[in-house]
Structure formats: structure tokens, C-alpha cells
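Enquirer: following is a predicted model, sequence given first.
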Amino acid sequence: MAYLYKMKLQMQVCLTYRFEVFAKIVTRFILIIANVFLWNCVYTGQQNISGVDRAQMITYSVLSSCLGAMYHCGIEGSLNKDVREGNIALLLMKPLHLLGAYFAEDIGTIAVQAVSVSLPIFLLGVLLLPVQLPVSLQVLPFILVSYLFGFLILWLLSALVGMFTFVTMELGNMGVVKNMIVSILSGSMIPLWFFPDQAEKVLMMTPFPYTYQLPLGLYIGRIGVQEGVRQICIQALWLLLLGGCVSLAWKKARNKVLVQGG
């Protein structure tokens, strides 16, 4: 119940700043329009590039923006703030898992972002742009599972980056660098299908393509169900690996705080 309360409280906080929600919708849609012009130029004189046509690529760009709004991982900032202000030792003494509390807050933010930002952007895309619906209803469960696993991968990566605060006492621009790496290597900006074959093969051995590219590729039909199931299994393996790393890092960080805090 404590985690549900944290989630509810975070939702109320997000709904307080209504102008910020409106600004996010406008900003993201302007970026989408810019991407549409870009892909229209790229597809000039070409019907298909790497197995993706113009309408599929525009759909991919719009949905990537929608996913970006729902892939909220605020644990980096929360950890950085609590460690810098010296609140971390007191928070660790509370009868709830601190990482679980951070996770509940992020889920609350995602719930609000999904309804107030992602859904309006998607509807605007359907009404004003050639945004397509999913290739079939059968693929929807696989899209949802791949999105869930993709978010968990990003959240665990953010947690690992956030734990550097226990060593450096200040993250600085590490979170920004992580976000830029994710943007480039996840396929959120440019799908890895457009990369050279060798570069794509190397990047597919990292966790990044399984955050954005997998659910988006399933949606537009570029990734088939059979291949999607295989990649979802790879997502699960990355979750186990990253989950183990986060658990180990958190145990060491927690013991360090308790020792230093007396």
C-alpha cells in the first residue's frame, strides 16, 4: 500500500503543472513535424529503404516520441538529490525498499504522461499525419510485453547510473550523456536498420535496441512475430543481467551509507 500511495502522490504532483503538460505536447509535436519533413526528403524518389516505406517511417517517428514520454526514469535525479542533500540515510531507515519507492514514483509519472502527452500526440498523428495502426491485433500483446521489458531495461540502466552518486556525490552530466547514448543507439532517432550491417550487428549485442526499436519495429511490421519473440527473450536475459548488477551495486552502496552514517 505504501508504494501505491507513492505512485498516487506522484500522479497528483504531475497533474499540478498543467501548462507544462501542454508545453510538452506542443514541443514534441513540433519535433515530430520536423522529423516528417526530414523523412519526406530522405524518401524522395524512393518507395522503400531497408524494408520500410515512408508511411511506416513516419509512424515509427511519431510512436518513438510517444514512447519517449512514457519512458520516464526519474531515479537518477531522485538519487542524486537525496544523496547530495544528505537525506539518503534517513530514507534507508524507512520500512520500504527505497528503489521500490523510486520505481512507484516513476510509474505514477508514466501513467500521467501516457494519458496527457502520449495519447494526444498519437491522436494528432493519426488525424494530421499518415500514421498507421498496428499491422494486426495479434501483435499487440508482443508490443506491450516488449514495451514493458524495454522500460525496465532503461530503468535499471538509469538506476546503475544514479548509483554513481554514492561515489561522486554529484552526477553532473552523466545522466545527459546516458540519455544521448540511448537516443543514438536505441533506434529512437534513426532505426539501426539504416546503419551499416556490421555496426547493426554490434549494437544488437547491447541492451539499447531492445528499448525503442523492438516495440516500434513490431508495431509497423518491420519485425515479425517470430523474430519479435526471439528478441523479447533477449530482453528478458538483459533484465536478469541488469537486475543482478543493480542488486549488487545497491547492496554495496547501502552498506557504505550505513557505515559512514554510523
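Expert: Yep, that arrived. Residues are numbered from 1 along each chain as shown.
Enquirer: what about the strands in this protein?
Expert: Ranges of strands within the chain are 48-49, 52-53, based on DSSP state E.
Enquirer: ok, the last one: who's next to it in the sheet?
Expert: It refers to strand 52-53. strand 48-49 (antiparallel) (DSSP bridges).
Enquirer: how distant is the partner strand from the center of its chain?
Expert: From the chain centre to the centre of strand 48-49 is a distance of 27 Å (C-alpha atoms, centre = their mean, to the nearest Å).
Enquirer: now that strand: average pLDDT?
Expert: Strand 48-49 shows a mean pLDDT of 85.
Enquirer: what lies in contact with that strand?
Expert: Around strand 48-49, the neighbours that count as contacts under C-beta atoms under 8 Å, 6 or more residues apart in numbering are 42-43, 57, 194. For the C-beta atoms, the positions are set from N, CA and C on the backbone; glycine is no exception.
Enquirer: out of those, who has the most neighbours?
Expert: Comparing these by number of neighbours (other C-beta atoms under 10 Å), residue 57 comes first, having 25 neighbours.
Enquirer: correct me if wrong: it contacts residue 43.
Expert: Yes: in this structure, residue 57 is within contact of residue 43 by C-beta atoms under 8 Å, at 7.1 Å.
Enquirer: let me have the strands of the chain in a markdown table, adding mean neighbour count as columns.
Expert: Compiled in a markdown table, the strands of the chain are given as follows (neighbours: other C-beta atoms under 10 Å):
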| stretch | mean neighbour count |
| --- | --- |
| strand 48-49 | 14 |
| strand 52-53 | 18 |
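Enquirer: tabulate the ones you listed (a markdown table), appending distance to residue 37.
Expert: As requested, the strands of the chain are arranged in a markdown table below (distance: least, C-beta to C-beta, whole Å):
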| stretch | distance to residue 37 |
| --- | --- |
| strand 48-49 | 16 |
| strand 52-53 | 17 |
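Enquirer: figure out which of the ones you listed is closest to residue 205.
Expert: Nearest to residue 205 among these is strand 52-53 (22.3 Å), distances taken as C-beta to C-beta.
Enquirer: counting contacts, what elements does the helix or strand of the chain with the lowest mean pLDDT pack onto?
Expert: Every helix and strand of the chain was ranked by mean pLDDT, DSSP states H and E. The lowest is helix 88-92, at a mean of 77. The contact analysis (3 or more C-beta pairs under 8 Å, 6 or more residues apart in numbering; DSSP states H and E) places helix 88-92 against helix 75-84, helix 98-113, helix 225-260.
Enquirer: I'd like those as a markdown table, with mean neighbour count appended.
Expert: Shown next, in a markdown table, are these (neighbours: other C-beta under 10 Å):
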| stretch | mean neighbour count |
| --- | --- |
| helix 75-84 | 20 |
| helix 98-113 | 20 |
| helix 225-260 | 14 |
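Enquirer: in TSV, list those helices along with distance to residue 145 and mean pLDDT.
Expert: Below are those laid out as TSV (distance: least, C-beta to C-beta, whole Å; pLDDT from 0 to 100):
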stretch	distance to residue 145	mean pLDDT
helix 75-84	22	85
helix 98-113	16	90
helix 225-260	6	86
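Enquirer: between the ones you listed, which one is closest to residue 28.
Expert: For those, the distance to residue 28 is smallest for helix 98-113, at 10.7 Å, taking C-beta to C-beta.
Enquirer: same for that closest one, what does it pack against?
Expert: helix 2-16, helix 54-70, helix 75-84, helix 88-92, helix 140-162.
Enquirer: rerun that using 7 Å as the cut-off
Expert: In terms of contacts (3 or more C-beta pairs under 7 Å, 6 or more residues apart in numbering; DSSP states H and E), helix 98-113 is packed against helix 2-16, helix 54-70, helix 75-84, helix 140-162.
Enquirer: and the longest one, which residues are buried?
Expert: I take that to be helix 140-162. By 16 or more other C-beta atoms under 10 Å, the buried positions in helix 140-162 come out as 142-143, 145-147, 149-162.
Enquirer: mind saving the C-alpha coords of that helix as CSV?
Expert: Only the C-alpha atoms of helix 140-162 are listed here, as CSV (Å, rounded to 0.1, in the frame of the first residue of the first chain):
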residue,chain,number,x,y,z
LEU,A,140,-0.4,-6.1,-29.8
PRO,A,141,0.4,-8.4,-26.8
PHE,A,142,4.0,-8.7,-28.1
ILE,A,143,4.2,-4.9,-28.4
LEU,A,144,3.0,-4.4,-24.9
VAL,A,145,5.5,-7.0,-23.4
SER,A,146,8.4,-5.6,-25.4
TYR,A,147,7.5,-2.0,-24.2
LEU,A,148,7.3,-3.2,-20.6
PHE,A,149,10.6,-5.0,-20.8
GLY,A,150,12.2,-2.1,-22.7
PHE,A,151,11.1,0.3,-19.9
LEU,A,152,12.5,-2.0,-17.2
ILE,A,153,15.8,-2.1,-19.1
LEU,A,154,16.0,1.7,-19.3
TRP,A,155,15.0,2.0,-15.6
LEU,A,156,17.7,-0.4,-14.5
LEU,A,157,20.3,1.4,-16.6
SER,A,158,19.2,4.7,-15.0
ALA,A,159,19.5,3.1,-11.6
LEU,A,160,23.0,2.0,-12.3
VAL,A,161,24.0,5.5,-13.5
GLY,A,162,22.2,7.0,-10.5
